[in-house]
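Chemist: sharing a sequence plus its predicted fold:
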Amino acid sequence: MQIIKTHIADVIIIEPKVHGDDRGYFVETYRQDILERFVGHSVDFVQDNESKSERGVLRGLHYQTGDSAQSKLVRVISGRILDVAVDIRKGSPTFAQHVAIELSAENKRQVFVPKGFAHGFVVLEDNTIFSYKVDNYYSPAEDRGIAFDDPSLAINWQLPTSQLLLSAKDQQQPLLADAELFSYQSNYYQTSDYEY
């Protein structure tokens with residue numbers, strides 16, 4: 001398992017080792033001790049979520065506030081997505097910047113998205129199954145979002161806007177300038193990539 005830094009220090013890519021032969025493959029998809037060693041604090045996931053979507057579905061950008069804020073560990077079981085994490089921690093040196101990473105059943109990569117980030121993804125293949133762990137339960141009262149097409153974020157979703165399929169809620173999310181934000185507090189610990 002390799003943990004890879006992104007240009008936003010608190011967002012990391014986890015690349016598992018795949019052991020394959022003519023019978024199929026085996027892969028270790030989660031190790032709490034390795035993740036915690038890298039991020040420098042405990043991560044206690046309490047809920048697993050899964051969605052199935054067709055090409056063009058865009059979900060996001062979502063987050064929860066206050067005591068309901070969530071860290072996420074996301075991956076794709078089937079298909080392919082572009083996964084996006086936006087730094088919405090006011091005062092952060094990377095405020096309003098984002099990380100965009102292709103996740104697929106083929107590359108088996110995962111992304112750890114810490115608290116203080118808005119998260120979303122666009123589906124690039126039909127019948128894509130997306131799975132993620134969260135370290136806090138869903139709270140409708142603390143549920144927030146940011147417009148996927150906020151020009152200040154300049155996110156390239158890789159598909160034309162005319163091909164995107166959004167929920168009614170995601171079509172009406174506020175711009176970053178009008179959104180409820182987090183205060184900056186870096187959780188980052190490791191200074192280099194890590195391989196187990």
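Modeler: Structure's in. What do you need? Numbers count the residues shown, from 1 in each chain.
Chemist: what residues are up against Glu125?
Modeler: Residues near Glu125 by CB atoms under 8 Å, 6 or more residues apart in numbering: Arg55, Gly79, Arg80, Ser104. C-betas here are computed from N, CA, C, even on glycine.
Chemist: my bad, should have said Thr94
Modeler: His7, Ile8, Ala9, Asp87.
Chemist: that one - that's part of a strand, no?
Modeler: No - Thr94: not assigned to a strand; according to DSSP: H, G, I helix; E, B strand; the rest coil it is coil.
Chemist: measure it to Asp10 for me?
Modeler: Between Thr94 and Asp10 the computed distance is 9 Å (CB to CB, to the nearest Å).
Chemist: would you turn the contacts of Glu125 into CSV with neighbour count, distance to Glu36 and secondary structure?
Modeler: Output for the contacts of Glu125, formatted as CSV (neighbours: other CB atoms under 10 Å; distance: CB to CB, whole Å; DSSP: H, G, I helix; E, B strand; the rest coil):
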residue, neighbour count, distance to Glu36, secondary structure
Arg55, 17, 36, coil
Gly79, 21, 29, coil
Arg80, 17, 29, strand
Ser104, 17, 26, strand
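Chemist: can you tell me how far Val11 is from Phe112?
Modeler: Separation of Val11 from Phe112 (CB to CB): 7 Å.
Chemist: who has more neighbours, those two?
Modeler: Val11 (24 against 21; other CB atoms under 10 Å).
Chemist: verify the contact between the more buried one and Val113 for me.
Modeler: Yes - Val11 is within contact range of Val113, at 6.2 Å (criterion: CB atoms under 8 Å).
Chemist: shared neighbours, those two?
Modeler: Ala85.
Chemist: what separates the residue of the chain most remote from its centre from Val76, distance-wise?
Modeler: Distance from the C-alpha centroid of the chain, by CA atoms, centre = their mean, peaks at Asp22 (32.5 Å). Here the criterion is CB to CB. By it, Asp22 lies 24 Å from Val76.
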